[in-house]
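In: here is a sequence together with a model predicted from it:
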Amino acid sequence: MKKVLVRLASLLFPNRVVKFAFNQLSNPQVRKLRGHEVAVLEKSTKETLAFKTHSIQCYRWGDGAERVLLVHGWEGQAGNFSDFIAPLLSKGYTVYAFDAPSHGYSSRGNTNLFEFTELVGLMIQKYRVTKLISHSFGGVAVTYALYENRDLSLKKYVLLTVPDKFSQRIDDVCEQIGITPKVKAKLIQHIGNQTQLDLTTTNVSFFVKNINVDHALIIHDKNDKVIPIERSKNVHHQWANSEFQEITDTGHFRILRTPAVVDRTINFLITTASNTNC
């Protein structure tokens, strides 16, 4: 019923629907954390960081010689990585994470991909990390941050699913809420005017050709219903320094809580070399 009403409104009030859709893209709806995830966050050392109009909640676990940064996805938060913390600490890592603007325990308010991206670049510099793990949309923010800041580099980078084209995110939102093709075209134009970017080239598969990452690993469930596996595969095919692992039975979110995925990720981070798989 909601999609039918949105389609009707698209015909009668297209400009209002554009504003509604843009608001959907700018105000993440964050899922509630599980008890275990909250408990892991409580064990961290916390600090807040002023960033634009936001107060960003930052976390640190351990004091190992190796440093790794965890970057959650859109509508996610740092606590989603809770199953990774103890295994990383056991391997001698200091683990850093944060809640993006209007995510988790950071302050609420309108935000967007580009704020997320800028913050990721600042976090890589702030914590001087050379290894990173991202989930979902976090991979867009990381690769774009590295593309925009060519002085930043990573030795190892694991992407637990990754979208490709930002335009696909718009397609997904429009399909989800029932926006017509004509209003979608207006929305794309509105986003372009707001960001001064050509959304047709805002693609991870484009960014990865020009970023400084020694070795990357992309892991994606073939039955992921949020981000189709073909999007990750396209990123891999355009990224000479990447490996790809197709998995099953984790979906889009349980991948973060699957022991085999945690083990594969950490083994990749601690090895000194990697072989590229197709």
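Out: Noted; the coordinates are in hand. Numbers count the residues shown, from 1 in each chain.

In: contact partners for the residue lying closest to N112 once chain neighbours are set aside?
Out: Closest residue to N112 apart from its sequence neighbours, by C-beta to C-beta, 6 or more residues apart in numbering: S26 at 5.6 Å. All C-beta spots, glycine's among them, are computed from the backbone N, C-alpha and C. Residues near S26 by C-beta atoms under 8 Å, 6 or more residues apart in numbering: 110-112.

In: I'd like the distance between S26 and S242.
Out: Using C-beta to C-beta, to the nearest Å, S26 is found at 30 Å from S242.

In: kindly report the same for I191.
Out: From I191 to S242 the distance is 28 Å (C-beta to C-beta).

In: would you map the helices across the stretch 51-200 of the chain?
Out: 82-90, 113-127, 138-148, 166-177, 181-195 (DSSP state H, counting those that start in this stretch).

In: possible to save the ones you listed as a markdown table with mean pLDDT?
Out: Listed next are the helices of the stretch 51-200 of the chain as a markdown table, based on pLDDT from 0 to 100:
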| stretch | mean pLDDT |
| --- | --- |
| helix 82-90 | 98 |
| helix 113-127 | 93 |
| helix 138-148 | 95 |
| helix 166-177 | 76 |
| helix 181-195 | 77 |
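
In: and of those helices, who's closest to T202?
Out: Minimum separation from T202 across the helices of the stretch 51-200 of the chain (C-beta to C-beta) falls at helix 166-177, 4.1 Å.

In: list the buried residues for the closest one?
Out: Burial within helix 166-177, assessed by neighbour count using 16 or more other C-beta atoms under 10 Å, is assigned to 166-167, 169-170, 173-174, 177.

In: show me what it is packed up against.
Out: helix 2-12, helix 14-26, helix 181-195 (3 or more C-beta pairs under 8 Å, 6 or more residues apart in numbering; DSSP states H and E).

In: mind redoing it with 7 Å?
Out: Applying 3 or more C-beta pairs under 7 Å, 6 or more residues apart in numbering; DSSP states H and E, we find helix 166-177 packed against helix 14-26, helix 181-195.
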